[in-house]
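1. build the 3D model from these lines:
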Amino acid sequence: MFYDLNLPWTSAKDPELPRTLAFLAELGYDVVALNHTLTGKLPVELTCAIPDPLPFPVPPKLTILRRLTLPLTSAIHNARLKALSAGYDILAVRPTDEKSLQTACVTLESDLISLDLTQRLGYHFKFKLLSEAVRRGVRLEVCYAAGLVGDPNARRNTIGNVTSLIRASRGRGLVVGSEAKRAAACRGPWDVVNLLAVWGMKQEIAFEAVSKEARSVVVQAGLKKSGWRGVVDVVDGGRDEPLDETAVKKDDTKQKAQVNGNKRKAKTIDSSDAGTEEKPLSNREIKRRAKKARQESSTTTKEHTPTSKDES
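-> The predicted structure follows:
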């Protein structure tokens, strides 16, 4: 299965969004996440901005997820991350500087770290920092659309930042999304694999970035909602429906009849076996019978041996 976890959501009246979803389905994607980027202050009521169901037709074989991306500028948002993730399938943070990137990699409980690679970053990626995020189960997102159809500066910055990110992370824990605002910026899964190979990533790792690693993000995000510190929800199901009293009584009588029938069969078998089987002989009886056999053999030999009178 192929995943695209970053398709920007603007509004339900956007005419380009249904065409982009249909085109992604034709390209071979199975799961697409609509990404709502939260700007400004956090609202008081944290509700999902993406309606369910969507107000336009969706390809039947395409699974739609809902994602929230929060620009990370300070530590004020940390306390409300759990409340934000309740209404969405995936929670991503977008650091704006090196300090916020360190916070996202070390302490924040998010599913994705999405970097704006179209800007010229004032810091360098470090392997220890990125590996700490991967160790905690947080994945790093790379978006390719800006490197293909953006303005020259955005394309140059995207290619340079992606190359340095691949080199610093050694290709570990990377997820690829499109962040395409129209269908013309989307590429097929295998085209994305070849594009990342040109940018310095191994093909097998690039393939995992659009399949295995993206799937792990979705699965772990679901587990965070249904579990807490190793305790998961128990799904109520699999119980038999309560039977009527008459049906229960019939089952009991059938079981009793079967038990009684088995007992009768066992008694008849035991009685028949008792008449046919012989008791084992004791050692004393064996010796007595052997002695009797020797005596009988000796008497028979005496009767058949001729005497001297008979010979004369």
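2. how about the helices in this structure?
-> Taking DSSP state H as the test, the helices found in the chain are 16-27, 81-85, 98-106, 127-135, 146-149, 152-169, 189-198, 203-209, 212-226, 245-276, 283-304, 308-311.
3. can these go into CSV with extra columns for mean neighbour count, mean pLDDT and distance to Asp116?
-> Any C-beta I mention is one placed from the backbone N, CA and C, and that applies to glycine too. As requested, the helices of the chain are exported to CSV (neighbours: other CB atoms under 10 Å; pLDDT from 0 to 100; distance: least, CB to CB, whole Å):
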stretch, mean neighbour count, mean pLDDT, distance to Asp116
helix 16-27, 18, 91, 21
helix 81-85, 15, 73, 19
helix 98-106, 18, 86, 11
helix 127-135, 16, 89, 16
helix 146-149, 19, 84, 9
helix 152-169, 17, 89, 9
helix 189-198, 18, 91, 18
helix 203-209, 19, 90, 18
helix 212-226, 17, 85, 19
helix 245-276, 10, 58, 66
helix 283-304, 9, 80, 99
helix 308-311, 6, 46, 135
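4. of the ones you listed, give the one that comes closest to Leu54.
-> Leu54 lies closest to helix 16-27 among the helices of the chain, at 8.5 Å (CB to CB).
5. so what secondary structure elements neighbour that closest one?
-> strand 3-8 (3 or more CB pairs under 8 Å, 6 or more residues apart in numbering; DSSP states H and E).
6. what does the strand it packs on rub up against?
-> Strand 3-8 has contacts (CB atoms under 8 Å, 6 or more residues apart in numbering) with 17, 20-21, 24, 29-35, 37, 65, 67, 90, 112, 114, 141, 143, 175, 177-181, 186, 210-211, 214-215, 217-218.
7. go again with 7 Å.
-> The contact list for strand 3-8, computed with CB atoms under 7 Å, 6 or more residues apart in numbering, reads 20, 24, 29, 31-35, 67, 90, 141, 143, 175, 177-181, 210-211, 214-215, 217.
8. swap in stretch 176-190?
-> Taking CB under 7 Å, 6+ apart as the rule, stretch 176-190 contacts 2, 4-8, 16, 19-20, 23-24, 27-29, 141-146, 148-149, 192, 195-196, 209-210.
9. report the buried residues of it.
-> For stretch 176-190, burial by neighbour count (16 or more other CB atoms under 10 Å) applies to Val176, Gly177, Ser178, Glu179, Ala180, Lys181, Ala183, Ala185, Cys186, Arg187, Gly188, Pro189.
10. show me the two of the residues you listed that sit farthest apart.
-> Lys181 and Pro189 (19.5 Å).
11. related to what we said a few turns ago, switch the buried residues of stretch 176-190 over to CSV; also include distance to Arg156.
-> Shown next, in CSV, are those (distance: CB to CB, whole Å):
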residue, distance to Arg156
Val176, 19
Gly177, 20
Ser178, 19
Glu179, 17
Ala180, 19
Lys181, 19
Ala183, 24
Ala185, 17
Cys186, 21
Arg187, 19
Gly188, 24
Pro189, 25
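12. and the residue nearest the centre of the protein?
-> Nearest to the mean C-alpha position of the chain, counting by CA atoms, centre = their mean, stands Val219 at 6.2 Å.
13. got a list of what it touches?
-> So Val219 contacts nothing (CB under 7 Å, 6+ apart).
14. please report how far it lies from Tyr3.
-> Distance, Val219 to Tyr3, by CB to CB, to the nearest Å: 11 Å.
15. now stretch 28-35: how far from the chain's centre is it?
-> On the basis of CA atoms, centre = their mean, to the nearest Å, stretch 28-35 sits 18 Å off its chain's mean C-alpha point.
16. Ile50 - nearest residue in space that isn't next to it in sequence?
-> Excluding the flanking residues, the one nearest Ile50 by CB to CB, 6 or more residues apart in numbering is Arg66, at 4.7 Å.
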